[in-house]
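> With the input below, show me the fold.
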Amino acid sequence: MILKAKLLKALILGAPASGKGTISSRIVKKYNIAHVSSGDKLREHIEHQTDLGKEVKKYLNEGKLVPDDLIIKFMITELKKVDNKPWLLDGFPRTVAQANALWKTQPVDVVLNLVVPFDVIIDRVKNRWVHLPSGRVYNIGFNTPKHPGKDDITNEDLVQRPDDRPEAVSQRLQIYDGITRPVIDFYKEKGILEEFEGRTSDEIWPKVVAYLDPIFSKK
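You can find the predicted model right below:
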């Protein structure tokens with residue numbers, strides 16, 4: 001498969017806490033491409049109280065998923081803003097209907113799927129503590145705070161989010177697997193899905209680089 005890196009359209013998939021954010025930030029930095037995160041874009045709209053933000057917030061407050069037609073229209077508009085540069089898409093599509101709509105208007109060239117064992121994710125997340133005011137995240141045994149239970153900068157208390165408890169994480173992973181499996185299969189059938197297995201981001205990253213380097217070295 002010959003790809004033009006100049007305007008490469010890439011998509012990254014991965015379960016919650018699989019290291020998708022870490023790998024995405026490294027890709028964006030190394031290859032100097034645009035990062036289009038559906039979550040970040042939606043949060044911006046909610047924060048600025050746009051009409052879209054208000055509508056999205058209504059669904060979230062009711063514990064409902066944002067309807068396909070709304071998120072499809074929104075994300076395709078966002079992608080048009082970076083149509084003159086290579087980009088990495090994160091957080092969209094989440095359903096086959098979304099994947100089909102994206103394929104018709106902005107067909108992606110490569111799909112990177114991070115495969116991390118669920119037991120590793122659960123073990124990782126149960127040791128995760130957060131400083132809520134800043135969003136700083138600590139992982140016991142990996143990025144341990146200098147003082148137990150305290151933020152390194154402010155010395156304020158760290159907390160564990162309710163959805164980071166093992167039983168909650170396990171449920172989220174099962175939901176993710178059920179929803180995303182058809183999307184993974186969709187891109188497998190297109191012949192553009194590449195899977196990267198590992199237990200940590202540092203283990204996965206060299207594999208991602210080995211795959212992307214030849215693509216971005218093409219002029």
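> Now do the SS call for residue 134.
Taking DSSP: H, G, I helix; E, B strand; the rest coil as the rule, one finds residue 134 in the coil state.
> Compute the distance between it and residue 24, please.
Using CB to CB, to the nearest Å, residue 134 is found at 20 Å from residue 24. Heads up, the C-betas are built off the backbone N, CA and C, glycines and all.
> Of the two, which one has the most company?
When residue 134 and residue 24 are compared for neighbours, residue 24 comes out ahead with 21 against 11, by other CB atoms under 10 Å.
> And the more buried one, which helix or strand is it part of?
In this assignment (DSSP states H and E), residue 24 forms part of helix 20-31.
> Could you list the residues in contact with that helix?
By CB atoms under 8 Å, 6 or more residues apart in numbering, the residues outside helix 20-31 that reach it are 5, 10, 12-14, 33-35, 37, 86, 88, 90, 112, 114, 201, 204-205, 208-209, 212, 216.
> Quick one: mean pLDDT over it.
Over the span of helix 20-31, the pLDDT mean works out to 93.
> list the buried ones in that helix?
20-24, 26-28, 31 (16 or more other CB atoms under 10 Å).
> now, which of those sits nearest residue 124?
The closest of those to residue 124 turns out to be residue 22 (CB to CB; 11.6 Å).
> could you measure the residue nearest to residue 212 when sequence neighbours are not counted against residue 110, distance?
Among residues not flanking residue 212 along the chain, residue 31 sits closest, at 6.6 Å (CB to CB, 6 or more residues apart in numbering). Relative to residue 110, residue 31 is positioned 12 Å away (CB to CB).
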